[in-house]
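Colleague: take a look and give me a structure for this.
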Amino acid sequence: MKIEQATKDRIVRNVILSLFIYLLPVALLFITLKITGQRPWEKKTQKAENTKSLTNKTNLNNGSND
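Modeller: This is a model prediction of the structure:
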């Protein structure tokens with residue numbers, strides 16, 4: 001069973017269009033990373049902030065220091 005030439009052309013065109021639509025965001029991501037120089041896969045070590053209060057509560061009234 002032969003496929004008509006118009007049908008073959010339409011299938012090829014649709015495959016190429018689908019690949020373009022799929023690869024466009026990936027290409028834009030690589031271009032953006034190249035232009036900005038960012039490398040999110042390289043973890044930057046950040047020092048953990050100590051969030052404990054340095055002052056002790058000495059007043060027992062409602063737990064406030066005021």
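
Colleague: hey, where'd the helices end up in this protein?
Modeller: Ranges of helices in the chain, per DSSP state H, are 5-36.

Colleague: so where is it shaky, pLDDT-wise?
Modeller: For the chain, the stretches with pLDDT under 70 are 46-66.

Colleague: residue 20: how many residues sit nearby?
Modeller: Applying other Cβ atoms under 10 Å, we find 10 residues neighbouring residue 20. Where you see a C-beta, it was placed from the backbone N, CA and C, and this is true even at glycine.

Colleague: ok, it - contacts?
Modeller: If a contact means Cβ atoms under 8 Å, 6 or more residues apart in numbering, then residue 20 has no contacts.

Colleague: go with 10 Å
Modeller: residue 27 (Cβ atoms under 10 Å, 6 or more residues apart in numbering).

Colleague: relative to residue 10, how far out is it?
Modeller: Separation of residue 20 from residue 10 (Cβ to Cβ, to the nearest Å): 16 Å.

Colleague: tally of neighbours for residue 33?
Modeller: Neighbour count of residue 33, defined by other Cβ under 10 Å: 13.

Colleague: what's the closest non-adjacent residue to it?
Modeller: residue 39 (7.2 Å; Cβ to Cβ, 6 or more residues apart in numbering).

Colleague: list phi and psi for that neighbour.
Modeller: As for residue 39, its main-chain torsions (degrees, to the nearest 10) stand at phi -140, psi 80.

Colleague: any idea how far it is from residue 6?
Modeller: Using Cβ to Cβ, we find residue 39 at a distance of 48 Å from residue 6.
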